[in-house]
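S.K.: Sharing a sequence plus its predicted fold:
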Protein chains: 2
Amino acid sequence: MASWPLEISMDSFRRSWDLQGESFWRNVFEMHKGKMQIKNSNIAIGNLEKIFTATFKLANEKGFQAMSLRDLSRETGISMGGLYAYIGSKNDLASVIEGVLRNYIDQVIGGLSTQNLKPVESLRAIVYAEIYMMETMSPWYYFCFMELKGLPREQQLQTLELELRFEAILIEAFRAGVEDGQFVCEKPELLASQVTAQLQQWHLKRWKFKLRKIDTQEYAQFIFDNLLMCLAYKNDPGVEGKTENISNEQSREEESSRLNLQA
Amino acid sequence: MASWPLEISMDSFRRSWDLQGESFWRNVFEMHKGKMQIKNSNIAIGNLEKIFTATFKLANEKGFQAMSLRDLSRETGISMGGLYAYIGSKNDLASVIEGVLRNYIDQVIGGLSTQNLKPVESLRAIVYAEIYMMETMSPWYYFCFMELKGLPREQQLQTLELELRFEAILIEAFRAGVEDGQFVCEKPELLASQVTAQLQQWHLKRWKFKLRKIDTQEYAQFIFDNLLMCLAYKNDPGVEGKTENISNEQSREEESSRLNLQA
DNA sequence: GTCTATACAACGATAGAC
DNA sequence: GTCTATCGTTGTATAGAC
């Protein structure tokens, strides 16, 4: 699979990682086709996308446990019996979603630590990659955060472990910068958890940023600038100062009778 | 009710706000005794505490929707029929919990804005008050965050509004400091949302801080110090520099067969 | 590969004895 | 004020026709 792009932009990230469109769903299909009865991939992929998308919509409106398979059947247009050709059980559906997301995250952050960048550039790459990843797979992240409790114990533990692994990469970048004399950092673990918290807001508090009209690029830039400030980093003016704000495409409007905390 | 204490410590906060013990539960009883059939307050208060505490335990283990009233009956030792003398319905129970917490938060942050402190001291007061509040009522906060989707639309909106109101208080303190020439702040709204995010971590990611042995005092101090750094605040050395870390009481150990993400 | 029809366990809620 | 017994509903899941 792709490695992490040197150029940092939403578009280049999407090109490198292929996180949407038909080939993305083909990947999802390949990842767990063993668990389903449908063999024809062309038919399966379309319905798989329908089922996952509908699950995100319903689970984000009222929660996965409160969502019934009758709801899911209505939303997808697939009958109750039909659904069971694609999923083993309701709980299995949630497990698969978590598995797919963690698999992708693993690949992305696996590609991060092998870079040979200077500490500042390394941090920039980490922050932007994570924000772009969360932007692209926002419903997946939100679902996994909110429904973690309902998953099997082992998946819960792996999720926590993944978060610690991500923070370890940040901490390593802090350490490298301190060694170079560029950073000052007394509590790297707390600073790393702060960065994680800010990143996760991008899917947890979408309503707030939509309300205040903050776009992806501006948010990533803010996190990065603030992180450097907390590391007491002083950059050479004009060489790699704050970059300009480039407004991205506007997010599509979606109206629904139910309050959607995610969109 | 009490006003916000000038002295900043966990103990003084608890003394001022009375957020635990019997008189706290008496307050909870008074707040919604209209909705329940039991008139004898001495009996009611004890069972009310049992019901709420058990709800937090079960909901934090598997989610409120996944928790059945039969689970709750088993955990509290009160029969199914008996429970309905204390709650109107299952959904009503969740609503009452949210209502009690928001009522207390309203009082605490209501007391914050009327203070006549210098900007730096005002921020310190806000950060510490919120952390102590979250520490004391941690299960309430966690429950309300995770179960917000399941509550009536109006309560969801009020929760979002409360969060914006809290951030408005932060932003006002930033503004006052900028006016005094003590702070530099280009994006007050984003900085405020960052502080909120960090504060909420204290109940959302308890497992992480427990693992890393971070106590309340250290965490609050870290948020405050970092906030001042993001505001480019330069303090007079020796006058109000970073305070020492005073380790608080160790949190009690709790073992359970289920993974508890909150404790 | 998709549907309708159905099994049956578990749920929230209530009535009425004590 | 608390319990046991039970109601009607809704849930997940499956069998078998097409």
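M.R.: That came through fine.
S.K.: now the closest residue to residue A:216 other than its chain neighbours: how far from DNA strand D?
M.R.: With Cβ to Cβ, 6 or more residues apart in numbering or on different chains as the criterion, residue A:216 has its nearest non-adjacent residue at 5.0 Å, and that residue is residue A:135. All C-beta spots, glycine's among them, are computed from the backbone N, C-alpha and C. Using Cβ to the nearest atom of the strand, to the nearest Å, we find residue A:135 at a distance of 30 Å from DNA strand D.
S.K.: For residue A:135, list the residues it contacts.
M.R.: By Cβ atoms under 8 Å, 6 or more residues apart in numbering or on different chains, residue A:135 lies in contact with A:10, A:202, A:216.
S.K.: Neighbours of residue A:179, how many?
M.R.: Residue A:179: 10 surrounding residues under other Cβ atoms under 10 Å in any protein chain shown.
S.K.: what does the stretch 101-250 of chain A have sitting close to chain B?
M.R.: A:146-150, A:153, A:156-157, A:160, A:163-164, A:187, A:189-191, A:193-194, A:197-198, A:200-201, A:205, A:207-209, A:212, A:214, A:219, A:222, A:226, A:229-230, A:232 (Cβ under 8 Å from any Cβ of the partner chain).
S.K.: The contacts of residue A:135, buried ones only, as a PyMOL selection?
M.R.: Per 16 or more other Cβ atoms under 10 Å in any protein chain shown, the buried members of the contacts of residue A:135 correspond to this PyMOL selection:
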select buried, chain A and resi 10+202+216
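S.K.: What residues sit buried inside the helix or strand hosting residue A:74?
M.R.: Following DSSP states H and E, one finds residue A:74 within helix A:69-76. Neighbour counts over helix A:69-76 (16+ other Cβ under 10 Å) mark A:71, A:72, A:73, A:75, A:76 as buried.
S.K.: I'd like to check which residues are in contact with the second one.
M.R.: So the one you mean is residue A:72. A:51, A:54, A:55, A:58, A:83.
S.K.: ok, now how distant is the closest residue to residue A:224 other than its chain neighbours from DNA strand C?
M.R.: Leaving aside its chain neighbours, residue A:224 sits nearest to residue A:127 (4.8 Å; criterion: Cβ to Cβ, 6+ apart). Going from residue A:127 to DNA strand C by Cβ to the nearest atom of the strand gives 42 Å.
S.K.: Average pLDDT for whichever strand or helix holds residue A:127, rounded please.
M.R.: Residue A:127 is part of helix A:119-136, with elements assigned from DSSP H and E. Helix A:119-136 carries an average pLDDT of 95.
S.K.: need the next SSE after the longest helix belonging to chain A, C-terminal direction.
M.R.: Across chain A, the longest stretch assigned as helix under DSSP state H is helix A:153-179. Using DSSP H and E, the helix or strand that follows helix A:153-179 towards the C-terminus is helix A:188-204.
S.K.: Get me the contact residues on chain A for DNA strand C.
M.R.: Residues of chain A found near DNA strand C (Cβ under 7 Å from any atom of the strand) are A:37-40, A:43-44, A:47, A:77-82, A:85.
S.K.: List only those of those flagged as buried.
M.R.: By 16+ other Cβ under 10 Å, the residues of chain A next to DNA strand C give A:44, A:47, A:78 as buried.
S.K.: Now, those that are in helices?
M.R.: A:44, A:47.
S.K.: nearest to chain B, of the buried ones among the residues of chain A next to DNA strand C?
M.R.: Nearest to chain B out of those is residue A:78 (Cβ to the nearest Cβ; 23.3 Å).
S.K.: Just give the nearest non-adjacent residue to the closest one, would you?
M.R.: residue A:47 is the one closest to residue A:78 (Cβ to Cβ, 6+ apart), at 6.4 Å.
S.K.: where's that neighbour relative to residue A:143, distance?
M.R.: Taking Cβ to Cβ, to the nearest Å as the measure, residue A:47 and residue A:143 are separated by 19 Å.
S.K.: And for residue A:33?
M.R.: From residue A:33 over to residue A:143 the distance is 21 Å, taken as Cβ to Cβ.
S.K.: Find the nearest non-adjacent residue to residue A:86, please.
M.R.: Distance criterion Cβ to Cβ, 6+ apart; nearest residue to residue A:86, sequence neighbours excluded, is residue A:36 at 5.2 Å.
S.K.: I figured that neighbour was touching residue A:87, is that so?
M.R.: Yes - counting by Cβ atoms under 8 Å, residue A:87 is a contact partner of residue A:36 at 7.3 Å.
S.K.: More neighbours: which of the two?
M.R.: residue A:87 (21 against 18).
S.K.: ok, the closest residue to the more buried one other than its chain neighbours - contacts?
M.R.: What sits nearest to residue A:87 in space, not counting adjacent residues and going by Cβ to Cβ, 6+ apart, is residue A:93, at 4.6 Å. Counting by Cβ under 8 Å, 6+ apart, residue A:93 touches A:51, A:55, A:87.
S.K.: from those, which is closest to DNA strand D?
M.R.: residue A:87 (7.6 Å; Cβ to the nearest atom of the strand).
S.K.: Ramachandran angles for residue A:115?
M.R.: phi -70, psi 150 (degrees, to the nearest 10).
S.K.: same deal with residue A:9?
M.R.: Per-residue torsions, residue A:9: phi -160, psi 160 (degrees, to the nearest 10).
S.K.: So what's the residue count around it?
M.R.: 14.
S.K.: what's the answer for the one 5 residues further on, then?
M.R.: Other residues within reach of residue A:14 by the criterion other Cβ under 10 Å amount to 16.
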